[in-house]
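Undergrad: I would like the atomic coordinates for the input below:
(one chain, ligands or ions: 2)
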Amino acid sequence: MDILWRDQTLFKNMDVFDLDHLPEEFLHREQQLTQLAMDLKPALRKSRPINALCIGPPSTGKTTAVKLIFKEIENVSEDVIPVYVNCQIINSRQQVFAKIFEKIFGYPPPSYGIPFLKLYYKILEKLSERVLVVALDDLNLVIEDKTINEILYALLKAHEEVEDVKIGVIAISTDLRIAERFDASVGSIFHSDEIYFPPYSRDEIRDILSSRAKFGFYPNVLSDEALEMIVDLTHQAGDLRLGIYLLKMAGLEAEKRASRRIEVRDVEVVCRDGRKVFLRKGILALNSAERALLKIVYSTSEELTTGELFKRFRKVISIGYTKFYEMLLKLENLRLIDTKFEGGRGRTRIILKRYDPKIVLEALRDF
Ligand SMILES: Nc1ncnc2c1ncn2[C@@H]1O[C@H](COP(=O)(O)OP(=O)(O)OP(=O)(O)O)[C@@H](O)[C@H]1O
Ligand SMILES: [Mg+2]
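TA: Residues are numbered from 1 along each chain as shown. Ligands and ions are numbered 1, 2, ... in the order given. Next up, the predicted model:
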């Protein structure tokens, strides 16, 4: 019988579909992993590693690659201290070093506020024979160029402050032109090996999603047709995260109708609402002003620059540029938009839509 009883499930392990779950199989990224491993190899011999710059569009495995390498390093060496810093939630030099402090000492620095230099030297002196490797994930989401430069400078110049200190930096960015935000003093010391993470092809997306399904569902639960449909939708959206989300939702949908198999009809049901739900989660985190800003981005057919968008937004809500820029970064943080530097004209950014405008505007209408 093809009926699923009330307490039965299609999921072998539902956590596999969490977006921060480290995948059991990391496919099609051998080259990037090898490059990263080569850069970090000197650290295992207590030498300074080669700095790396991981760049590529969203959902191309940058965070995953670095987390997997860090896990591996922690397994094989006590002489290397890998520290992962998420720059989406950490935004100052002080916070980055507080994170490093916590990793090295095992407890956070005093919360009453410790002067930066004191914190800095405490860390450097404690390193002694060990090599520190700091990953700065989503570095492009740090608002101020000044902050980016302060963080990098403090890390890269440390060996001049305390003898024998060895620190490597892995910067991760979706903005291909992040290096243009480095000032001259950082540019001249941040020599890095650039590791590019290209978007996945349709076949690669299929491999990755069927691997997820293999670890997440019981055998033969996902029909080939349903998988193909999810692969198509993911490829169209250009976002692997959507595919992982759709797998989980289609599984739940099949369970809801007590089926032992996930069929195309389940994907149809979830993708009708799926992309909208996926977006709704992001939109839920926005206040009304931010939603208004998102609406302008998706209501305009042309690609706007930050300056043009600011002008239009000012007609709706009167705010200053700094506040506006913070709101824009939040939209980027939540992956509702992308921004890229415009060629030629200095620091001007262009706002890119990440989703079909029809779906975004529809999702916005529900609020
Ligand atoms: N090659 C892969 N094999 C298996 N899973 C992958 C692969 N690449 C990405 N993923 C999965 O896709 C999701 C997004 O990957 P990840 O967070 O590493 O991307 P990213 O490049 O850091 O994206 P962003 O720039 O948006 O932060 C994660 O759930 C991750 O497990
Ligand atoms: Mg990431």
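
Undergrad: For my notes, confirm Pro82 occurs in a strand.
TA: Yes. If the criterion is DSSP: H, G, I helix; E, B strand; the rest coil, then Pro82 is within a strand.

Undergrad: how close does it sit to Val162?
TA: Here the criterion is C-beta to C-beta, to the nearest Å. By it, Pro82 lies 20 Å from Val162. Placement of C-beta: from N, CA and C, glycine included.

Undergrad: Asn86 now?
TA: 26 Å.

Undergrad: Pull the contacting residues for the nearest residue to Gly61 once chain neighbours are set aside.
TA: If the residues on either side of it in the chain are set aside, Gly61 comes closest to Arg29, at 5.2 Å by C-beta to C-beta, 6 or more residues apart in numbering. Contact partners of Arg29, counting by C-beta atoms under 8 Å, 6 or more residues apart in numbering, are Gly61, Thr64, Ala65, Phe197.

Undergrad: try it again with 10 Å
TA: For Arg29, the contacting residues are 23, 35-36, 60-62, 64-65, 68, 195, 197, 200, 204, 208, by C-beta atoms under 10 Å, 6 or more residues apart in numbering.

Undergrad: for the stretch 251-367 of the chain, what spans make up the helices?
TA: Counting by DSSP state H, counting those that start in this stretch, one finds helices in the stretch 251-367 of the chain at the ranges 264-284, 288-299, 306-316, 321-333, 357-365.

Undergrad: still on that earlier bit, which pair of the contacts of Arg29 spans the longest distance?
TA: By the measure C-beta to C-beta, the contacts of Arg29 have their two most distant members at Gln35 and Ile208, which lie 19.6 Å apart.

Undergrad: More neighbours: the two, which one.
TA: When Gln35 is set against Ile208 and neighbours are counted by other C-beta atoms under 10 Å, the residue ahead is Ile208, at 23 against 19.

Undergrad: What residues of the helix or strand bottoming out on mean pLDDT in the chain count as buried?
TA: Within the chain, judged by mean pLDDT, DSSP states H and E, the helix or strand with the poorest mean is helix 264-284; its value is a mean of 82. Buried positions in helix 264-284, judged by neighbour count with 16 or more other C-beta atoms under 10 Å: 264, 266-267, 269-271, 274-276, 278-279, 282-283.

Undergrad: Near ligand 1, which residues of this protein are found?
TA: Within the chain, the positions near ligand 1 by C-beta under 6 Å from any ligand atom are 19, 23, 26-29, 56, 58-64, 138, 174, 197, 208, 240-241, 244.

Undergrad: neighbour-wise, which of Pro82 and Val162 wins?
TA: Counting neighbours by other C-beta under 10 Å for Pro82 and for Val162 shows that Pro82 has the greater number, 23 against 14.

Undergrad: What residues are bridge-paired with that one?
TA: Val133 (DSSP bridges).
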